[in-house]
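**Student:** the sequence and its predicted three-dimensional model are supplied below.
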Amino acid sequence: MVLIIDGYEVSSPLPVSQLHSKYQLLKANSLSVLSRPARQVEASEKCLYVGQREVAVVAPGDNVNMVGSEDATTCHIVILRDVHTGVTGLAHLDNEEPNDFLTLEREVRDRKGVRQVTRELDTLEYSVSILGGYDDENSTSEEITEMLITVMQGLNARFILHLAC
């Protein structure tokens, strides 16, 4: 349906190379995250680790304080949060296959206990963060990012991209 970046609707194809040059708030948010020091997470913090090719979804009230992943080189860590229900999903994607992202979106949308709430809304709306994907020699990362943008533009939902780094 629609992809929103910096308050603007993005409906046409968007080259990855223009993400930060065209959208300054997205760039500033991304640089802010990159400037933060790494933080070691302790098992006592009720965390859920998502490995490569895995997806996890949590909802408010679950006994989880944080969801995370690591080691995203050409891979992408995608965080999708339903702004109405607070259901949050994280996927560690390693290819440009759309089904992997579609699985994440479906799992967030259909999370048991909140499915009815999202069905009653006129529009599904998600906050999106994309992390990882360096500029590799085979353009693998670029292909994954472009797939994510294209798929978000084609789904019947609003995707608000807050972070891409």
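**Tutor:** Looks like it arrived, so ask away.
**Student:** for the protein, just list every one of the strands.
**Tutor:** Along the chain, counting by DSSP state E, strands occupy 2-5, 8-10, 47-49, 55-58, 66-68, 76-82, 88-93, 125-132, 158-164.
**Student:** show the average pLDDT along the third one.
**Tutor:** Yep, that's strand 47-49 we're talking about. Mean per-residue pLDDT for strand 47-49: 93.
**Student:** packing partners for that strand?
**Tutor:** Contact analysis of strand 47-49 by 3 or more CB pairs under 8 Å, 6 or more residues apart in numbering; DSSP states H and E lists strand 66-68 as its packing neighbours. C-beta here means a position set from N, CA and C on the backbone, and glycine is covered the same way.
**Student:** the strand it packs on: partners in the sheet, and parallel or antiparallel?
**Tutor:** The strands that strand 66-68 pairs with in its sheet are strand 47-49 (parallel) (by DSSP bridges).
**Student:** one step back: out of the strands of the chain, nearest to residue 29?
**Tutor:** The closest of the strands of the chain to residue 29 is strand 158-164. By CB to CB, the value is 5.2 Å.
**Student:** what is the closest one packed up against?
**Tutor:** With contacts taken as 3+ CB pairs under 8 Å, 6+ apart, strand 158-164 sits against strand 2-5, helix 24-34, strand 125-132, helix 140-154.
**Student:** now mean pLDDT too, for these, in TSV please.
**Tutor:** Formatted as TSV, the helices and strands packed on strand 158-164 follow (pLDDT from 0 to 100):
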stretch	mean pLDDT
strand 2-5	94
helix 24-34	94
strand 125-132	96
helix 140-154	93
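**Student:** tabulate those (TSV), appending distance to residue 102.
**Tutor:** Formatted as TSV, the helices and strands packed on strand 158-164 follow (distance: least, CB to CB, whole Å):
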stretch	distance to residue 102
strand 2-5	15
helix 24-34	23
strand 125-132	13
helix 140-154	7
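**Student:** of the ones you listed, which is nearest residue 43?
**Tutor:** Closest to residue 43 of those is strand 125-132 (CB to CB; 22.4 Å).
**Student:** next one: that closest one to chain centre, how far?
**Tutor:** 3 Å (CA atoms, centre = their mean, to the nearest Å).
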